[in-house]
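Visitor: Below are the sequence and a predicted model; questions follow.
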There are 6 protein chains.
Amino acid sequence: MIYLTKRVEFSAGHRLYSERLSAEENERVFGKCARPSGHGHNYALEVTLCGQPDPATGMLINLAEFKALLEQRVISELDHRNLSDPIPMLRGRIPTTENLALSIWETLVDKLPAGRLYEVKVWETQSNWAACRGEG
Amino acid sequence: MIYLTKRVEFSAGHRLYSERLSAEENERVFGKCARPSGHGHNYALEVTLCGQPDPATGMLINLAEFKALLEQRVISELDHRNLSDPIPMLRGRIPTTENLALSIWETLVDKLPAGRLYEVKVWETQSNWAACRGEG
Amino acid sequence: MIYLTKRVEFSAGHRLYSERLSAEENERVFGKCARPSGHGHNYALEVTLCGQPDPATGMLINLAEFKALLEQRVISELDHRNLSDPIPMLRGRIPTTENLALSIWETLVDKLPAGRLYEVKVWETQSNWAACRGEG
Amino acid sequence: MIYLTKRVEFSAGHRLYSERLSAEENERVFGKCARPSGHGHNYALEVTLCGQPDPATGMLINLAEFKALLEQRVISELDHRNLSDPIPMLRGRIPTTENLALSIWETLVDKLPAGRLYEVKVWETQSNWAACRGEG
Amino acid sequence: MIYLTKRVEFSAGHRLYSERLSAEENERVFGKCARPSGHGHNYALEVTLCGQPDPATGMLINLAEFKALLEQRVISELDHRNLSDPIPMLRGRIPTTENLALSIWETLVDKLPAGRLYEVKVWETQSNWAACRGEG
Amino acid sequence: MIYLTKRVEFSAGHRLYSERLSAEENERVFGKCARPSGHGHNYALEVTLCGQPDPATGMLINLAEFKALLEQRVISELDHRNLSDPIPMLRGRIPTTENLALSIWETLVDKLPAGRLYEVKVWETQSNWAACRGEG
C-alpha cells in the first residue's frame, strides 16, 4: 500500500468559546484562547491518500490536481479568515484543531475516489496538532 | 564581539488596514490581509544582544533573566491578543511585521544596558520576516 | 477517530553502556555513545491520544491539562538530568531511544482514561527517533 | 510494539516522463516536471522498523549497522545520480515519489529480519512525500 | 534601519564542472557533483531589503509585489530547470551556490530602488548556503 | 562580497558551574544547568567564510575540504564528549554557548586564509544560540 501526502498552509484567526458554557467556564476551559478579541495561527494541513500508483504515470493521484482540490475546497475557505465566523465547513463547531481536522475530512472525503482518503492532519502550532482518520 | 540570541514565540490576530487610505486602496495595498474579520499568525521573535561574556559566568546575559524580560515586556503584551486592537507598544501603528520589529526594539532598548541590543527579528510566517537594528 | 498530539522538549545527558557486556562489547555495540564521560541530546517527546472530541468543548482532552501532565510526570523527571543515573521511570533500562519511548508509555498509560494513549514518540536527534504504541 | 526510524538524505536529479504517453499527454500529466533538461531535489528517506528491543542492549537494531545498510543499499545508488537514468532498484519505473518509496521498500525488505520493515517514507520536498508499508 | 526578508523556493538540477579544468581536476575539485548525469536540489532563496517603512502602510515594500518580482525575475528562470544549461542570468558561470547568489543579486539590484537590496541568500541544502551583499 | 556557510552538528554533555562562585551562587546563576550530573544537547555549528569565489571553480572554498577541516578540528574534539571535561580548545572556560562560539573561532581562525573567517555560530537549542565575529 502506498500513501501520498500533500502539505499546504494557511493563516487564520479564531477564538475558542462555547455558547454552552458560562463565561467563567469558558475562561477555565479555554484560558487565554477565550479572550474576546481572538488571536490566530499559521496552520498547516497535511492530507494523506492511500492506494496503488497508476502504472502509466507512477502516481497515486495527479499532484497538481490534488493541490488544486485542496486550494479550492479548503484553503480558499479558511485562509485569511476568522474561523470563529460562520464558516460553512465547520457547521457551527468550535474551531479547535480537532474540529478542523474532522471538518476538512468531511469536506474532502466525497470529492475523492472511495477509500482513497487516509488521514487529514491539522497543525495549529509546531507543538500541537490533530488528525482525523476514517476508521470504524 | 559575541552575539547571543533568544527565540520566543507567540500567537496573535491582526488585520492590515490604514485609516489614511480608502477601502479600495486598503484592498489594493493589503489584499486579503485587509478583510474585516482579521486573521492571525504564529509569530516568532528573535532578540540578539552583543557584547563580551562575563568572565566569571561565561554569559553575555543571564539567559533566564533575558527570557523573563522578553516574557514580561513583550510576550505578555502580544500573545493571544489581536494586534489591531490598541496595544500600547504599537503606538497606533499598523501591525505589519516591520512595525512589530520596530515597536519591540523601542520596548526593549532602554530595559537593557546601553549598546547591548543588536537586533530584533519578527517572523510572521516561515517565509516572511522583518528585523530592526539600531544603526545610525 | 481523532488523534491529538502534543510536543514538548527536554535536554538530558546519557551514556549507552550495558553491565551485561564486556568493555570491548560495549565499545563494539555502542561506539562513541559508550564513552565514560557521557554526552547528551535535545530530546523531543510527542504524545498522541485518540478518541472523540467532547461536543461541548470540541476538545479530545484539555490541552493545558495534558501539557501539565506531561510536565509533571515526564519532563520534570528527565529534563536537565543524566538518563544514565537511576531514574525511576527507566527501571534500570539502558537509556536508548527505544527504552525511553517504552518507559514514558508505561508512565503515562494509567494516568489517562483507558484506551486514550495511542503513541509515545521520542526524538533523540532530527534523524533518529523511536515510538511505542500499545498494540497487542 | 516499538518503532525505530532513521532519516538520511540524498540529492538527485529526475524528469517525470512516460514512454507510454505522447508528448502532449506528458506535458498535461507532469507539467514542468516533464521538461527535457530535468531538474532535481534534496530527498529525505525515513525508514521505520518495528519489533521488540534486545534486552541486553535496549536496541531494536544497531543504529550504526542500520545506517550503514541504508548507505550501502540505497544512498550510494541514488545520491548525486539522475533518477531518470537506468537505476537498477527502480526497474524502469518513472521516478515519482511513490515509485521511489516502493523501490526502496523492495530493496530493503529482504536485507532485514522478516517482519521488521514497517515503513519507507520518501520526501521530495517539505510539502510532498510518499510512504510504502507492506500491508496486505 | 528595518530589514525585510522574503523566502521562496525552487527545485533545479545542476552539475559542477569547469571547462577550464581537466576531467581529473573536475573530479578532484567537485567530486560526485561532477558526474555527467547531473543531480539536483530543492533550493531556497531569501532576499532581504533594507530601508524605512512607508508611514501610510507600515511596509518597507508591498510584499505581494515583492513576491511577484521574485517569481517573474528569478523563480520562473530557475525553477524546474537544469542550471548547467545556458541560463541567461548565470552568464556562463558554474552553478555553485556562491555564483547563484551573485547572479540573483545582479538580476535584482536594478529592479529595486537604489540602496534597497541588502542581501541575497541561496540555500542548496539545509547545511550549505551562500549569500551576496553589495558591500564595497 | 560573498559569504559561504557550512552547518555541522554534534551531541555533547555539559554542566554550567563556576569554580569562582559558591554553590548557592552557581544555583542562582545557572539554575538546573548547574546540577552535578550534567545534561546535554544536540549542538549545531554554522561557520561562515567571506571573500570572492575562485573564477575557475566558482567556489569561495572547496566545500569538501571545508567540511573536513570542521570535522578534524572541531567535531572530533567535541562530539560525544562532555564539554565540562578538560577540552583543549575550551581552555578551562565554562561551556556556555558564548564560550563555545569564541573557542571555535579561536580554533579555526588561523587554519584559514587571513580575513576569510566571518562568523562562528553555535546553537545549543532551537531557541538559544550565540555567534562570534572577529570585529574590532
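Guide: All right, it came through fine. Numbers count the residues shown, from 1 in each chain, chains lettered A, B, ... in the order given.
Visitor: Kindly report the residues of chain A close to chain B.
Guide: Residues of chain A lying close to chain B by C-beta under 8 Å from any C-beta of the partner chain are A:9, A:11-14, A:32-33, A:35, A:37-42, A:79-82, A:85, A:125-126. (Glycine included, C-beta is placed from N, CA and C.)
Visitor: Of these, which belong to strands?
Guide: A:9, A:11-14, A:39-42, A:125 (DSSP state E).
Visitor: Identify, from those, the entry nearest to chain D.
Guide: Within those, the smallest distance to chain D is 8.3 Å, found for residue A:9 (C-beta to the nearest C-beta).
Visitor: my read: the closest one touches residue A:42, true?
Guide: Yes. Between residue A:9 and residue A:42 a contact is recorded at 6.4 Å, counting by C-beta atoms under 8 Å.
Visitor: who's more crowded, the two?
Guide: Each of residue A:9 and residue A:42 has its neighbours counted (other C-beta atoms under 10 Å in any protein chain shown); residue A:42 has more, 23 against 16.
Visitor: now, among the ones in strands among the residues of chain A next to chain B, which is nearest to residue D:98?
Guide: Nearest to residue D:98 out of these is residue A:9 (C-beta to C-beta; 22.8 Å).
Visitor: Contacts only, for the closest one.
Guide: A:42-45, B:125 (C-beta atoms under 8 Å, 6 or more residues apart in numbering or on different chains).
Visitor: could the residues you listed go into TSV alongside distance to chain E and pLDDT?
Guide: Listed next are these as TSV, based on distance: C-beta to the nearest C-beta, whole Å; pLDDT from 0 to 100:
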residue	distance to chain E	pLDDT
A:42	14	98
A:43	18	98
A:44	15	98
A:45	18	98
B:125	9	98
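Visitor: Narrow those to just the buried residues.
Guide: The neighbour count (16 or more other C-beta atoms under 10 Å in any protein chain shown) marks A:42-45 as buried among the contacts of residue A:9.
Visitor: of those, closest to chain D?
Guide: Of all the buried ones among the contacts of residue A:9, chain D sits closest to residue A:44, with 9.0 Å by C-beta to the nearest C-beta.
Visitor: just to revisit the earlier point, overlap in contacts, residue A:9 and residue A:42.
Guide: Contact criterion C-beta under 8 Å, 6+ apart; residues shared by residue A:9 and residue A:42: residue B:125.
Visitor: To what extent is the residue nearest to residue A:97 when sequence neighbours are not counted buried, counted in neighbours?
Guide: Leaving aside its sequence neighbours, residue A:97 sits nearest to residue A:130 (C-beta to C-beta, 6 or more residues apart in numbering or on different chains; 4.1 Å). Counted with other C-beta under 10 Å, the neighbours of residue A:130 add up to 25.
Visitor: now swap in residue A:31 and tell me
Guide: Residues lying near residue A:31 (other C-beta under 10 Å) number 14.
Visitor: Can you pull the phi/psi pair for the nearest residue to it once chain neighbours are set aside?
Guide: Among residues not flanking residue A:31 along the chain, residue C:64 sits closest, at 5.9 Å (C-beta to C-beta, 6+ apart). Per-residue torsions, residue C:64: phi -70, psi -40 (degrees, to the nearest 10).
Visitor: what's the neighbour count on residue A:88?
Guide: 9.
Visitor: What parts of chain A come near chain C?
Guide: Chain A has residues A:16, A:18, A:20-21, A:29-31, A:93-99, A:101-102, A:126-133, A:135-136 near chain C, with proximity defined as C-beta under 8 Å from any C-beta.
Visitor: Check what contacts the helix or strand encompassing residue A:106 and list those residues.
Guide: Counting by DSSP states H and E, the element that carries residue A:106 is helix A:97-109. Outside helix A:97-109, the residues within contact range by C-beta under 8 Å, 6+ apart are A:43, A:45, A:47, A:69-70, A:73-74, A:83, A:89-91, A:93, A:117, A:120-124, A:128-132, A:134, C:2, C:4, C:53, C:58-60.
Visitor: Show the average pLDDT along it.
Guide: The pLDDT scores in helix A:97-109 average 98.
Visitor: roughly how far out does that helix sit from the chain middle?
Guide: Centroid separation for helix A:97-109 versus its chain: 5 Å, with C-alpha atoms, centre = their mean, to the nearest Å.
Visitor: Kindly report the same for stretch A:101-120.
Guide: In terms of C-alpha atoms, centre = their mean, the centre of stretch A:101-120 is set 10 Å apart from its chain centre.
Visitor: All the helices of chain A, residue numbers only.
Guide: Counting by DSSP state H, chain A has helices at residues A:23-30, A:63-70, A:76-78, A:97-109.
Visitor: Report the angle between the longest one and helix C:63-70.
Guide: An angle of 120 degrees separates the directions of helix A:97-109 and helix C:63-70 when computed by axes from the mean of the first three to the mean of the last three C-alpha atoms, to 10 degrees.
Visitor: Please name the bridge partners of residue A:9.
Guide: residue A:44 (DSSP bridges).
Visitor: what's the pLDDT at it?
Guide: 98.
Visitor: With residue A:135 instead?
Guide: Note on residue A:135: pLDDT of 73.
Visitor: I'd like the distance from it to residue C:2, if you could.
Guide: 10 Å (C-beta to C-beta, to the nearest Å).
Visitor: what about these two, which has more around it?
Guide: Neighbours were counted for residue A:135 and for residue C:2 using other C-beta under 10 Å; residue C:2 has more, 21 against 8.
Visitor: Residue A:11: neighbour count?
Guide: By other C-beta under 10 Å, the residues close to residue A:11 number 22.
Visitor: Revised request: answer the last question for residue A:70.
Guide: 21.
Visitor: wait, isn't it in contact with residue A:5?
Guide: No. Using C-beta under 8 Å, residue A:70 makes no contact with residue A:5, being 11.3 Å away.
Visitor: which neighbours do the two share?
Guide: The contact sets of residue A:70 and residue A:5 overlap at residue A:47 (C-beta under 8 Å, 6+ apart).
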